[in-house]
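# How does the following fold in three dimensions:
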Amino acid sequence: MIQRLTAWLLQLWEQIRLRMHFPDQDWLFLRRRILAFALDAAVMLGINLVLPILGFAPAMAYLLMRDSLPWKFLRGRSLGKRLMRLDACGAGGQDLILNWPAAMNRNALLLFPPFWLVELYVLLRRGDGQRLGDRWAGTFVRPSDPVSSSIPSTP
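Next up, the predicted model:
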């Protein structure tokens, strides 16, 4: 059952990639971004499950400020971006550690789950790998290991 679901999801990913006409390297980058957000959504769900009554506020705080948290093991990245080896950066390429306004601006739309689909659509349709939140906050996401992607290090 899980193998069939996995195979179906991989076929779906490939059909989307072919319809959107993404080069392979760009598609790998976008897939890493989407998986990073899925991992962050799992963290938010986990916070809500561990703290059922009070978990909503910490989960929303994580969603808003996840790219500027000063914890050493995250190095200014969300847990999902850390695991997917991505960096959220300001316009000049600097990291977002403790840059609360930029982090909150880039993630404000995500407070409303219906906009998750809008952001996904924009991310897939734009050619530069930016979503609306990135454009509004003047930020971008790049691979931590730039040699593994053709995405430029600055927009």
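# same for the longest helix anywhere in the chain, what does it pack against?
Assignment by DSSP state H gives helix 24-50 as the longest helix of the chain. Applying 3 or more CB pairs under 8 Å, 6 or more residues apart in numbering; DSSP states H and E, one finds that helix 24-50 contacts helix 56-65, helix 79-84, strand 86-90, helix 114-125, strand 139-143. Just so you know, the C-beta spots here come from the backbone N, C-alpha and C atoms, and that holds for glycine as well.
# could you check the angle helix 114-125 makes with it?
170 degrees (axes from the mean of the first three to the mean of the last three CA atoms, to 10 degrees).
# picking that back up, is it possible to get JSON lines of the helices and strands packed on helix 24-50 that adds mean pLDDT and mean neighbour count?
Formatted as JSON lines, these follow (pLDDT from 0 to 100; neighbours: other CB atoms under 10 Å):
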{"stretch": "helix 56-65", "mean pLDDT": "89", "mean neighbour count": "16"}
{"stretch": "helix 79-84", "mean pLDDT": "92", "mean neighbour count": "20"}
{"stretch": "strand 86-90", "mean pLDDT": "89", "mean neighbour count": "22"}
{"stretch": "helix 114-125", "mean pLDDT": "85", "mean neighbour count": "14"}
{"stretch": "strand 139-143", "mean pLDDT": "89", "mean neighbour count": "22"}
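# of those, which approaches residue 44 most closely?
helix 56-65 (4.2 Å; CB to CB).
# quick one on the thing from earlier: and the average pLDDT for the longest helix of the chain is what?
Averaged across helix 24-50, the pLDDT comes to 85.
# roughly how far out does that helix sit from the chain middle?
6 Å (CA atoms, centre = their mean, to the nearest Å).
# Identify each buried residue in it, please.
For helix 24-50, a neighbour-count test (16 or more other CB atoms under 10 Å) marks 26-30, 32-34, 36-37, 39-41, 43-44, 47-48 as buried.
# Could you count how many residues lie near residue 92?
7 (other CB atoms under 10 Å).
# can you tell me the helix or strand for residue 8?
Using DSSP states H and E, residue 8 maps to helix 2-20.
# picking up where we left off before, which one of the helices and strands packed on helix 24-50 lies nearest to residue 97?
strand 86-90 (10.0 Å).
# Give the other helices and strands that the closest one contacts.
So strand 86-90, by 3+ CB pairs under 8 Å, 6+ apart, packs with helix 24-50, helix 100-107, strand 139-143.
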